[in-house]
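# A predicted structure for the sequence below; I have some questions about it.
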Amino acid sequence: MDISKNFDFKQAELKWYSHWLEKKYFESQPDEREAFTVVIPPPNVTGILHMGHCLNNTIQDILVRRARMMGKNACWVPGTDHASIATEAKVVHMLRERGISKSSLSREEFLRYAWEWKEKYGGIILQQLKKLGCSLDWQRVNFTMDADYYQSVIHVFNDLYEKGYIYRGKRMINWDPRAKTALSDEEVIFKEVNGKLYFLNYSLENASGGATHITIATVRPETILGDSAIAVNPNDPRFQHLIGQFAIVPLIGRKIPIISDDYVAMDFGTGALKITPAHDMNDYQIGIKYGLDVVDVLNDDGTMSEAAQLLVGKDRFEARKEIVALLKEAGHVEKIEEYTHQVGFSERTDVVVEPRLSLQWWVDMKKISGPALSAVMDGEINFHPAKFKNLYRHWMENIKDWCISRQLWWGHRIPAWYDSNGQFVVAMDEQEAIQKFRKQFGVADPVLKQDEDCLDTWFSSWLWPFEVFKGISNPNNAEVNYYYPTHALVTAPEIIFFWVARMIMAGYEYTGKRPFRDVYFTGIVRDNQGRKMSKQLGNSPDLLEMIDEIGADAVRFGILIASPAGNDLLWDKASNEQGRNFINKIWNALKLVHMWKEKCKENLSPDEVTLDSDWAHEWMNARLSASRNEINQLMEQYKLSEALKTLYSLIWDDFCSWYLEWVKPGFEKPMDKRHLDKVVEVFEQLMELLHPFMPFVTEEIYHQLKQQSIDLCVRQLKRDATDQEANLLLLAQGEKLKSAITAIRDARVKSKLKNKDEVVIRCATHHQNDWEAVRSVLSKQVNARSFSFDAEQTSGTIQLLVGADKFFLETGHQLDVEGQRNELQQELTYFEGFLASVEKKLSNERFVQNAKPEVVDLERKKKSDAIDKIKLLKESLQALG
């Protein structure tokens, strides 16, 4: 079988993904095996693959592929979220391009266009995940507005309403003027904004004590048109004489009371606060307390309303500029200062949100959140990393009611029906609504109209872990009983409240079980300047373009290698290069093994033998065993990045740089087939461990090594059964060997020996058995004619210290004795200084008493080793004379 010069990732990705699909390796059905279930965080139907998706889905794929190779029935469920706000915006844009306005359409007409858009574009991101190598069960694609799923959402609304967990009420909400819909608190992103603080004078109705006006400070001068009062702190001596009097709103002449309340901060602005109940959450509460008028000066699109009296129809930000000019002209502006403050933006449309009094539907979260808090704090659900437990607890202990109604058409329509008087019932459908209305209100033939709003997108996705298995639409079916609870959720910490907490609540409410066992929180992918990647900044690379340029494996490697759980990833294109270099390294190792394969023989003649023991194979298998155990532990702790680093070092350093060098045959000599088979077996095991991380190159190499009866994708991971005590001895011998090879090669270079120049090695040691085991490997690696154990030093030799052992190299060349002496003296000076620093640390009683025992033991070992090293160096210096 010919091996190409470089790994052809494009050909391999196409070949192997098609093959895996054809073999149905990713498909799952309940059977006698242990299930391992992961449900994809459903991307928006509007989405395309970006770096965040790449990180999230690479991690999921690693977990799923590894579970499959552990013999578990791995089921990874794909699907998409209908994304009410984002999708409706896309559809409105599409209609605008066709010359159609949403307002000219009925709801049914608009939804036909929306489904048209969804069918055309909604599955793009799922197809893109195939390019990344994701092993999803494509027979199980779910959508949050599939017919069964839709009915389940409606059922949950009805159920929670009947339980008293859902209610309808007029409250202050966050309003998105672009999407023209309410938002929950979690959908508001606060950003630091550089603005201005306007100090405005309000005339007093009855001037007294020489005062003619009261000055307030505001960042939103356009909202003075909705002012209902001015509040001061009752303990503020500056305003005691004004409490109970009236001020006049500039420009419109409205008379408003001056009230006192402890809420007012005396050290902010002027100490006098304008109260605008319709446009500030806290002002609204004060308005209720004092019975103030609510004057809404903004329309739902963010323009000034009729109630504003001035600048009607102007955009709020344009109105701000114009009203400042009017206030200046009328002499009401005391001063204007630069001011930096936090402003809420819509998480979806990125426009400044408006606090607004509105009649909406709510979930009483305190009634449903209890089990979800206990599950995480008691360890029934594990967070990785655990630091997010405190954030979760704080939010859950201070949970607010959830506004679930959205003023949109695309989504699950709220199942409430109203008569012309505003009386309503909640039902599964119109027929049931009519029956309920008759019974509740005694109306024989009611004429009802369904609520125009739809539900918050998260109200459907909180059912995702069990409803993808029809847990509500077909409860207690075989699949939900087998696959649920799921095992791992991989998600971003910024949706811990949007989604994670709510899924846990829904899981306990409707199944009595946790929805997942482990939650892995990824970090945010940032550029190398620490900025979050975005289209606006132009710092977000085209992921599909990168895959086409460098291959899916290199991209997967690049994004994971520097991404420990929960920590933001500073991504740089150099990470991809590291992945590509790693692939090239492994591919070159394959080409070397293939070359040996072409020349291998059985029963070599004595002069063809260059490897006379199995020590190198035994050492590599010991490294494999130790690394396998370490990787297993790291994976159990969800430390995937660290596991990949361990594998990277094992393959690059131990396998390629040491092991293959130790076992390679001499120049122009054949490889013994028995040794080749052992090399191939090791190579296979390495590809097995690496496969979940880099599936394409590993499957290709695995099949290039030899004719295989089973694909790597479904090959079972080898379970370690080696003698760990024997492994420790082999590993210790290996470290000694590497140190000796490095030291002797350095000495050869310093002595200007050519590669062909042979040396004679003598070793003075108390560990003869260790060096006997590696004698042949060491001799071959440093071109030694002979290796003996002799403590006597002779003239004309190079002295080396490897650990506690002395090596003498006879070269047959004139040696630089003075140079050797200087090197030994420099080394002695270093170790004497090192010993002094260690002794100083150990003489510190606070360190010895407070440090962990293992840390103190390590320092004591350093001291002992340094003393031994100093003794040997002094002996070597003395021997040089």
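Received, thanks. On a predicted model such as this, the values are computed, not experimentally measured, just so you know. Numbers count the residues shown, from 1 in each chain.
# all contacts plus neighbour counts: C-alpha atoms, from now on.
Noted.
# Lys400: what secondary structure?
Secondary structure, DSSP: H, G, I helix; E, B strand; the rest coil: Lys400 is coil.
# Quick one: residues in contact with stretch 345-363.
Defining contact as C-alpha atoms under 8 Å, 6 or more residues apart in numbering, one finds that stretch 345-363 is touched by 85-86, 165-179, 183, 187-191, 278-281, 343-344, 401-405.
# Out of those, list just those in helices.
Ile85, Ala86, Met281 (DSSP state H).
# Pull up the gap between Leu105 and Trp409, please.
Look at Leu105 and Trp409: by C-alpha to C-alpha, to the nearest Å, they are 11 Å apart.
# OK, contacts around Ser84?
Per C-alpha under 8 Å, 6+ apart, neighbours of Ser84: Leu408, Trp409, Trp410, Gly411, Asp456, Thr457.
# Tell me the one of those residues nearest Tyr17?
Nearest to Tyr17 among the contacts of Ser84: Thr457, at 32.7 Å, using C-alpha to C-alpha.
# So what does the closest one look like in phi/psi?
phi -50, psi -40 (degrees, to the nearest 10).
# And the one 10 residues further on, by the same measure?
Recorded main-chain torsions at Glu467 are phi -80, psi -20, according to degrees, to the nearest 10.
# show me what contacts it?
By C-alpha under 8 Å, 6+ apart, the contact list for Glu467 reads Tyr149, Ser152, Ser473.
# now swap in Tyr482 and tell me
When contacts are counted by C-alpha under 8 Å, 6+ apart, Tyr482 touches Pro30, Ala35.
# same thing but 10 Å
Shown in contact with Tyr482 (C-alpha atoms under 10 Å, 6 or more residues apart in numbering): Gln29, Pro30, Asp31, Glu32, Arg33, Glu34, Ala35, Phe36, Thr37, Phe469, Asn476.
# most surrounded residue in those residues?
Thr37 (26 neighbours; other C-alpha atoms under 10 Å).
# Check which helices and strands the helix or strand hosting that one sits against.
Using DSSP states H and E, the element containing Thr37 is strand 35-39. With contacts taken as 3 or more C-alpha pairs under 10 Å, 6 or more residues apart in numbering; DSSP states H and E, strand 35-39 sits against helix 51-69, strand 73-77, helix 464-467, helix 478-483, strand 486-491, strand 516-521.
# Just want the angle from it to strand 73-77.
Following axes from the mean of the first three to the mean of the last three C-alpha atoms, to 10 degrees, one obtains 10 degrees for the angle between strand 35-39 and strand 73-77.
# Strand 35-39 pairs with which strands?
strand 73-77 (parallel) (DSSP bridges).
# Between the contacts of Tyr482, which sits nearest Met687?
Once C-alpha to C-alpha is applied, the member of these that ends up nearest Met687 is Phe36, at 22.3 Å.
# Most neighbours among the contacts of Glu467, which one is it?
Tyr149 (25 neighbours).
# what separates it from Val468, distance-wise?
Applying C-alpha to C-alpha, the value for Tyr149 to Val468 is 8 Å.
# any shared contact partners between those two?
Any residue near both Tyr149 and Val468 by C-alpha under 10 Å, 6+ apart counts here, and that gives Asn142, Phe143.
# picking that back up, just the ones in helices among the contacts of stretch 345-363 now: which is nearest Val749?
Nearest to Val749 among the ones in helices among the contacts of stretch 345-363, counting by C-alpha to C-alpha, is Ala86 at 65.8 Å.
# Kindly state the pLDDT recorded for Leu880?
Confidence at Leu880, expressed as pLDDT, is 65.
# who touches stretch 155-164?
149, 151-153, 165-168, 362-364, 367-368, 414-416, 425-428, 455, 459-460, 463, 472-473, 506, 509-510.
# Next: stretch 199-208.
By C-alpha under 10 Å, 6+ apart, stretch 199-208 touches 211-219, 221, 224, 230, 241-242, 245-251, 253, 255-258, 269-270, 274, 324, 327-328, 331-337.
# For that stretch, the averaged confidence score.
Stretch 199-208 comes out at a mean pLDDT of 89.
# If you count neighbours, what's buried in that stretch?
Buried positions in stretch 199-208, judged by neighbour count with 16 or more other C-alpha atoms under 10 Å: Phe199, Leu200, Asn201, Tyr202, Ser203, Leu204.
# hang on, the first one in a strand?
It stands for Phe199. Yes: using three-state DSSP, the assignment for Phe199 is a strand.
# so what's it bridging to?
Ala217, Lys335.
# wait, doesn't Val855 sit right on Gln849?
No: in terms of C-alpha atoms under 10 Å, Val855 does not count as a neighbour of Gln849; the distance is 11.0 Å.
# Which of the contacts of stretch 199-208 are buried, as a ChimeraX select command?
In ChimeraX, a selection of the buried entries from these looks like this (16+ other C-alpha under 10 Å):
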select :213,214,215,216,217,218,219,221,224,230,242,245,246,247,248,249,250,251,255,256,257,258,270,274,324,327,332,333
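# So which of the contacts of Ser84 sit within strands?
Per DSSP state E, strands hold no members of the contacts of Ser84.
# now those in CSV, with pLDDT and neighbour count?
Output for those, formatted as CSV (pLDDT from 0 to 100; neighbours: other C-alpha atoms under 10 Å):
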residue, pLDDT, neighbour count
Leu408, 94, 22
Trp409, 96, 20
Trp410, 96, 26
Gly411, 96, 23
Asp456, 95, 27
Thr457, 94, 21
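# of all the residues you listed, which comes closest to Ile550?
Thr457 (36.4 Å).
# For the closest one, give me its contacts.
Thr457 sits in contact with 81-85, 144, 404-406, 410-412, 498, where contact means C-alpha under 10 Å, 6+ apart.
# what about stretch 637-647, distance to the chain center?
Centroid separation between stretch 637-647 and its chain, computed with C-alpha atoms, centre = their mean, to the nearest Å, is 14 Å.
# May I see the buried residues of it?
Neighbour-count burial for stretch 637-647, counted by 16+ other C-alpha under 10 Å, picks out Tyr638, Lys639, Leu640, Ser641, Glu642, Ala643, Leu644, Lys645, Thr646, Leu647.
# who touches that stretch?
By C-alpha under 10 Å, 6+ apart, stretch 637-647 touches 59, 62-63, 383-385, 488, 518-521, 557, 559-565, 624, 627-628, 630-635, 648, 650-651, 653-654, 686-687, 689-690, 693-694.
# Strands - which of the contacts of stretch 199-208 land there?
If you go by DSSP E, those have 211-218, 230, 246-248, 255-258, 274, 333-337 in strands.
# Farthest-apart pair in the contacts of Thr457, please.
Those two in the contacts of Thr457 that are separated most widely, counting by C-alpha to C-alpha, are Trp410 and Phe498, at 19.3 Å.
# Need the CA coordinates for the strand holding Thr37. CSV is fine.
Taking Å, rounded to 0.1, in the frame of the first residue of the first chain, the C-alpha atoms of strand 35-39 are listed here in CSV:
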residue,chain,number,x,y,z
ALA,A,35,-26.3,4.0,27.5
PHE,A,36,-24.2,7.2,27.2
THR,A,37,-26.4,10.0,26.2
VAL,A,38,-25.5,13.6,25.1
VAL,A,39,-28.0,16.0,23.7
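# and that strand, how far out from the chain's middle?
19 Å.
# gap between Ile336 and Ile224?
Distance from Ile336 to Ile224, counting by C-alpha to C-alpha: 16 Å.
# One more: Gly195?
Gly195 sits 17 Å away from Ile224 when distances are taken as C-alpha to C-alpha.
# How about Val490?
Counting by C-alpha to C-alpha, the gap from Val490 to Ile224 is 47 Å.
# so what's Asp148 scoring on pLDDT?
96.
# Just give me the neighbour total for it.
16.
# Confirm it sits in a helix?
Yes: remark: Asp148 belongs to a helix, assigned using three-state DSSP.
# what's the angle between the strand holding Thr37 and strand 516-521?
Going by the same axes, to 10 degrees, strand 35-39 makes 50 degrees with strand 516-521.
# which residues does the spatially most central residue of the chain contact?
In the chain, the residue lying closest to the centroid (C-alpha atoms, centre = their mean) is Thr522, at 1.4 Å. Residues counted as contacts of Thr522 (C-alpha under 10 Å, 6+ apart) are 52, 55-56, 59, 384-385, 490-494, 563-569.
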